[in-house]
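Trainee: This is a predicted model, with the sequence first.
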Amino acid sequence: MGMLQNCSARAFDTLLTTIRCKRPIFESKTRVMPFKATGILFSEALALVAAAWTINATHVIESGTAKGQSTEILARVLGPSVQITTIDNDARYSLYERTKERLQQWASVRCLKGDSFAIFPQLLPTLPKHSRALVFVDGPKYEQGLALALAEFAVLDGERNEVEALRREANESHWPVFRPKSAIPNAHGAQWGID
Ligand SMILES: C[S@@+](CC[C@H](N)C(=O)[O-])C[C@H]1O[C@@H](n2cnc3c(N)ncnc32)[C@H](O)[C@@H]1O
């Protein structure tokens, strides 16, 4: 347990160092992008990209494309050598076709339409043997989001049957979860999520 804590503390330190060192590169590559309020905050995206850099990711799997703000940031900042697969069931915004067309300008991006609970078990085992994949769940949210993240580990452990059970459990759960009214405090700090 102590060793595990040391490992995660070290991983967190590395992540923070990467965030500090690479923030100028991140900013230079995303400066041209307008902020879309449906999407990830730029501060969250910096942490996400830093995680990809820290593990030297070869692939990113994203659940929750929406208007593609996070996908675009990933593609711009990580460059063409990192393969990005983004999935959306199109249930929330009906934007899939429009976003897919827009994201076509990045050859590293592949869009898939469907439920990530169904797609993860098919997709994850097809990754090349020595790939280092970062999996990002930005939809579903809350209990379902956590269940999908756990489902990913179940798939990697060869326990595909667990996936449905995890989703069912999440549907039935009544955990007290934090549901922010708005993640965007004001127009000035909107992109970075700061007051
Ligand atoms: C907050 S939005 C994603 C924002 C996006 N990452 C960005 O930064 O622009 C959440 C998205 O997750 C999708 N979603 C929710 N549950 C899903 C599921 N089970 N499988 C695939 N997509 C899902 C919704 O349709 C919605 O478009």
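Mentor: Perfect, thanks for sending it.
Trainee: for this structure, which spans come out with low pLDDT?
Mentor: Counting by pLDDT under 70, the chain has low-confidence residues at 1-4, 174-195.
Trainee: Next to the ligand, which bits of it? Give me the list.
Mentor: 38-40, 63-64, 66-70, 87-93, 115-117, 138-140 (C-beta under 6 Å from any ligand atom). Any C-beta I mention is one placed from the backbone N, CA and C, and that applies to glycine too.
Trainee: Quick check: strands, which of these are part of them?
Mentor: 63, 87, 88 (DSSP state E).
Trainee: now the last one, which residues is it bridged with?
Mentor: Read it as residue 88. According to DSSP bridges, the partner residues bridging residue 88 are residue 113.
Trainee: Just the buried residues of the residues of the chain next to the ligand.
Mentor: 39-40, 63-64, 66-70, 87-90, 115-117, 138-140 (16 or more other C-beta atoms under 10 Å).
Trainee: For stretch 102-122, could you pull out the residues that count as buried?
Mentor: Within stretch 102-122, the residues that qualify as buried are 102-103, 106, 108-109, 111-112, 115-117, 119-121, counting by 16+ other C-beta under 10 Å.
Trainee: and which of the ones in strands among the residues of the chain next to the ligand is nearest residue 163?
Mentor: Nearest to residue 163 among those: residue 63, at 12.9 Å, using C-beta to C-beta.
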